[in-house]
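# Pasting the sequence and the predicted coordinates here, then a few questions.
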Amino acid sequence: MSEFEPDKASAREDLFRFLSACYYEPAPEFAEEKLFDSIRLAAARVDPDLADAARRLGEAFAAQDLQTLLVDYTRLFLGPIKAIANPYGASWLTSPVATDDNPLPAVLALYSEGGFEIDPDFRELPDHVAVELEFLYLLTFKRNRAQAAGKADESAAVDQLRKRFLGEHLGVWIGPFAAAIKQGAETAFYRELAELTERFLTMESALIDLDQSSSNASGTRMD
């Protein structure tokens, strides 16, 4: 595996959590809790290129009134008739097909394997983009904790689950989802959010592949 850098590792888990929050309805708390300062600081610890994208995201939010953002959010993710960028994985994946009574069994199985529980009162389906980002936050947190404790096998198992999840779910549909946002958004904020999310997930997928390649090479090295 690549060298464990606690500060960067912590920033990566934070960035998943903060990006997840951005896919819920825009609210005054975004500014009050300085969400975009937190995103910018986390992104800067992960990668300089991400820091620039995070800066643009915060500037786009500050430049737009909340009501306009809410209108764009509704157009993009809710309707009124059909969402421009449906925020559910089932809308972008050919299988399995989700229904209200049976929302993506494969996603639920991975959530269960990762120890991720959804509040019974949560109103969204489990394959909502915000939920899938929150799951990646949890897995990244678990992976970081295992690495800090020197538990290589546990860390590798979490990485394998993250790879499966990105390779079968969010990593598959984030591209067309982000493209739909960038094409259909009327505000710069949502275009920047789509860009930052896609770039970060691409980096994470590449990092997991690199870590696993390093682990495999170590495992086959002759003494």
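Good, I have the coordinates.

# correct me, but Arg45 touches Glu5?
No - in this structure, Arg45 is not within contact of Glu5 by Cβ atoms under 8 Å, at 9.1 Å. All C-beta spots, glycine's among them, are computed from the backbone N, C-alpha and C.

# Quick check: the nearest residue to Arg17 once chain neighbours are set aside vs Glu186, distance?
In space, Arg17 comes closest to Tyr137 once its chain neighbours are excluded; the distance is 4.4 Å by Cβ to Cβ, 6 or more residues apart in numbering. The spacing between Tyr137 and Glu186, counted by Cβ to Cβ, to the nearest Å, is 29 Å.

# Neighbour count: the two, which is higher?
Taking other Cβ atoms under 10 Å, Tyr137 and Glu186 do not tie; Tyr137 has more neighbours (20 against 15).

# Kindly export the helix or strand hosting that one (C-alpha atoms) in CSV.
Secondary-structure assignment from DSSP states H and E places Tyr137 in helix 129-148. As requested, C-alpha coordinates have been extracted for helix 129-148 and formatted as CSV (Å, rounded to 0.1, in the frame of the first residue of the first chain):
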residue,chain,number,x,y,z
VAL,A,129,-26.0,10.2,-4.4
ALA,A,130,-25.8,11.8,-1.0
VAL,A,131,-26.2,8.4,0.7
GLU,A,132,-23.7,6.7,-1.5
LEU,A,133,-21.2,9.5,-0.7
GLU,A,134,-21.9,9.1,3.0
PHE,A,135,-21.2,5.4,2.7
LEU,A,136,-17.8,6.1,1.1
TYR,A,137,-17.1,8.5,4.0
LEU,A,138,-17.8,5.6,6.4
LEU,A,139,-15.6,3.2,4.5
THR,A,140,-12.8,5.7,4.3
PHE,A,141,-13.0,6.4,8.0
LYS,A,142,-12.8,2.7,8.7
ARG,A,143,-9.9,2.3,6.4
ASN,A,144,-8.0,5.1,8.0
ARG,A,145,-8.6,3.8,11.4
ALA,A,146,-7.4,0.4,10.4
GLN,A,147,-4.2,1.8,8.8
ALA,A,148,-3.5,3.9,11.8
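
# any idea how far it is from the chain center?
Computed by Cα atoms, centre = their mean, to the nearest Å, the chain-centroid distance of helix 129-148 equals 10 Å.

# Can you give me the buried ones in that helix?
Counting neighbours by 16 or more other Cβ atoms under 10 Å, one finds that the buried residues in helix 129-148 are 129-144, 146-147.
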